[in-house]
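*Asks:* Have a look at this fold, sequence not included:
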């Protein structure tokens, strides 16, 4: 197969230098200032405003539940779920290795996509995405493609991820409303001298791909247009030696609890948080449109945080079926991990169905309670949302949350909760 021909259109934004502010300050809640700076809206929150945010919680009784222990479900690890306009669900579960449809009352309807590599089949679902009219798209990381099914459950089309001659890696996040694929582009790793003894962040590009079916000059070589939305720093890493099976080599390790760049989109807008500061940047079709800044102090990484994470991972190694020598090597590697001094400001971003923006605080273990700061569609912070332990949030709005809740037996259930706003203020 011939390599892809890539046409790079003019970048929406690589690096933007903002100058002196222009325009007048808009009316905002007390402690929030909104101003214009050369066409970019700057929303700034004072420390007092952030500290005074009310606390919202999830109602104790779910509005709807799809039980993971029923005969037709038997979920083990739910990768993602979407809710249709009729109240039914699409669910991707790692145990089934397929995508299934369920009615609003939880009854199994059909298998939408089976495990495999053929057209319409699925390898590994990294995201489900409901399109207009209840069509379903899913990002298939293993098969390197996005597949689309109609509302009748019939396979409609698929787009394969692009490949590049230089070995650059492509990761797709979702399909945008204009048909392009939102994702990232990372160049092949090249060790730099300044990275050998330090913690570093390698830049990567947040991009939108448009894959055309053929190149008019050569129908065997698909054509890809790439629009660069932003260039941002990747996660914090460091170099260290790895020893396994008696051999030692230099390797790259993630700094535990280190900073990374969070990304989310509603199909029209793209939100990025690099964690250099407590800022969320919004991009539209023409480039940067809003910067949301919050006066926050990052939480320190404590000895308890380090011990909890290390103990949890060591327990998993001990329970694994690895040979004894391999366990010793793994334990030595884990005990040598390096940790950040402070947590990042934002671990994950979500965009609500109502345009709200949810910024998830960092956490230590997967089943820990989660906390979010919720901003409205204009970037004004509204509240802090706290979820119970063993809840993983999938879809959000300022009134409801769709997520996965694990019972004490570790069986996941899909639930939809109402947000209780009658909670205490901090």
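*Replies:* Received it, and whenever you're ready, just let me know what you need. From a predicted model like this one, the values you see are computed outputs, not experimental measurements.
*Asks:* From now on I want contacts and neighbour counts done on CA atoms only, so please keep to that.
*Replies:* Fine.
*Asks:* Where does pLDDT dip in the stretch 1-150 of the chain?
*Replies:* 1-28, 71-73 (pLDDT under 70).
*Asks:* again, only using 50
*Replies:* In the prediction, the stretch 1-150 of the chain carries residues with pLDDT under 50 at positions 1-26.
*Asks:* hey, where'd the helices end up in it?
*Replies:* If DSSP state H, counting those that start in this stretch is used as the criterion, the helices of the stretch 1-150 of the chain fall at 47-51.
*Asks:* Please enumerate the helices of the stretch 251-400 of the chain.
*Replies:* Under DSSP H, counting those that start in this stretch, the stretch 251-400 of the chain gives helices at 303-319, 324-335.
*Asks:* what angle sits between the longest one and helix 324-335?
*Replies:* Orientation note: helix 303-319 sits at an angle of 170 degrees relative to helix 324-335 (axes from the mean of the first three to the mean of the last three C-alpha atoms, to 10 degrees).
*Asks:* quick one: the strands in the stretch 151-300 of the chain?
*Replies:* Here the stretch 151-300 of the chain has its strands, by DSSP state E, counting those that start in this stretch, at 155-160, 169-175, 181-186, 200-212, 223-244, 247-254, 262-265, 270-273, 279-284, 287-294.
*Asks:* How about residue 351: which residues does it bridge to?
*Replies:* residue 357 (DSSP bridges).
*Asks:* count of neighbours near it?
*Replies:* 25 (other C-alpha atoms under 10 Å).
*Asks:* can you check residue 132 too?
*Replies:* For residue 132, the neighbour count with other C-alpha under 10 Å is 10.
*Asks:* State the distance from residue 127 to residue 145.
*Replies:* Plainly put, residue 127 is 11 Å away from residue 145 if you go by C-alpha to C-alpha, to the nearest Å.
*Asks:* anything in contact with each of the two?
*Replies:* Both residue 127 and residue 145 are in contact with residue 139, where contact means C-alpha atoms under 8 Å, 6 or more residues apart in numbering.
*Asks:* returning to that earlier point: take the strands of the stretch 151-300 of the chain and lay them out in CSV including distance to residue 304.
*Replies:* Formatted as CSV, these follow (distance: least, C-alpha to C-alpha, whole Å):
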stretch, distance to residue 304
strand 155-160, 44
strand 169-175, 34
strand 181-186, 34
strand 200-212, 25
strand 223-244, 21
strand 247-254, 19
strand 262-265, 25
strand 270-273, 27
strand 279-284, 27
strand 287-294, 27
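*Asks:* could you dump those strands to TSV with mean neighbour count, distance to residue 121 and mean pLDDT?
*Replies:* Shown next, in TSV, are these (neighbours: other C-alpha atoms under 10 Å; distance: least, C-alpha to C-alpha, whole Å; pLDDT from 0 to 100):
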stretch	mean neighbour count	distance to residue 121	mean pLDDT
strand 155-160	16	9	90
strand 169-175	21	17	91
strand 181-186	21	19	93
strand 200-212	19	20	91
strand 223-244	19	23	91
strand 247-254	12	33	90
strand 262-265	21	25	98
strand 270-273	22	29	98
strand 279-284	20	33	98
strand 287-294	21	35	97
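*Asks:* Tell me which of the ones you listed lies nearest to residue 328.
*Replies:* strand 223-244 (9.1 Å; C-alpha to C-alpha).
*Asks:* could you say what helices and strands that closest one packs with?
*Replies:* Applying 3 or more C-alpha pairs under 8 Å, 6 or more residues apart in numbering; DSSP states H and E, we find strand 223-244 packed against strand 5-8, strand 200-212, strand 247-254, helix 324-335.
*Asks:* Contact partners for the nearest residue to residue 92 once chain neighbours are set aside?
*Replies:* What sits nearest to residue 92 in space, not counting adjacent residues and going by C-alpha to C-alpha, 6 or more residues apart in numbering, is residue 99, at 4.6 Å. By C-alpha under 8 Å, 6+ apart, the contact set of residue 99 is 90, 91, 92, 93, 111, 112, 113, 114.
*Asks:* Just the buried residues from these, in PyMOL please.
*Replies:* To isolate the buried members of the contacts of residue 99 in PyMOL, using 16 or more other C-alpha atoms under 10 Å:
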select buried, resi 90+91+92+93+112+113+114
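*Asks:* which one of the contacts of residue 99 sits closest to residue 36?
*Replies:* Scanning the contacts of residue 99 for proximity to residue 36, where the rule is C-alpha to C-alpha, the winner is residue 90, at 41.6 Å.
*Asks:* ok, residue 180 touching residue 224?
*Replies:* No. Counting by C-alpha atoms under 8 Å, residue 180 stays clear of residue 224, with 10.3 Å between them.
*Asks:* Need the residues touching each of these two.
*Replies:* 209, 210, 211.
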